[in-house]
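*Asks:* can you look at this prediction? I've put the sequence above it.
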Amino acid sequence: MSATIRIDPTRCRGHAICAVFFSSGIELDQWGYGKIIDVELQDERALKRARRAANACPNGALVVEEALA
């Protein structure tokens, strides 16, 4: 299963929780806002971490979109 991850910049408030849970796919800019490193999630382990990060975001800025097969 493939998925895509994105950050809604209008909702992001720079809590940096996403980078804690998914450090291999998200890095922080100089102000602490998340920036996606790898948009396509092919690995099940990466997908699981991305979902965990999205669920932990207090503003719902991180979105994991599953690709329909």
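*Replies:* Yes, it's here. Quantities reported herein were computed from a predicted structural model and do not represent experimental measurements.

*Asks:* can you tell me what sits against the helix ranked longest in the chain?
*Replies:* Ranked by number of residues, the top helix in the chain under DSSP state H is helix 44-56. Contact with helix 44-56 is made by 1, 3, 5, 17-22, 24-26, 38, 41, 62-64, as judged by C-beta atoms under 8 Å, 6 or more residues apart in numbering. From N, CA and C alone the C-beta is placed, and that goes for glycine too.

*Asks:* mind listing what the lowest-mean-pLDDT helix or strand in the chain pairs with, with the direction of each?
*Replies:* Within the chain, no helix or strand scores below strand 40-41, which has a mean of 76 by mean pLDDT, DSSP states H and E. If you go by DSSP bridges, strand 40-41 pairs up with strand 3-7 (antiparallel).

*Asks:* now the partner strand against helix 44-56, angle please.
*Replies:* Interaxial angle of strand 3-7 relative to helix 44-56 (axes from the mean of the first three to the mean of the last three C-alpha atoms, to 10 degrees): 40 degrees.

*Asks:* what about strand 3-7, average pLDDT?
*Replies:* Mean per-residue pLDDT for strand 3-7: 90.

*Asks:* return the distance of it from the chain's centre.
*Replies:* Here strand 3-7 shows a centroid-to-chain-centroid distance of 6 Å under the convention C-alpha atoms, centre = their mean, to the nearest Å.
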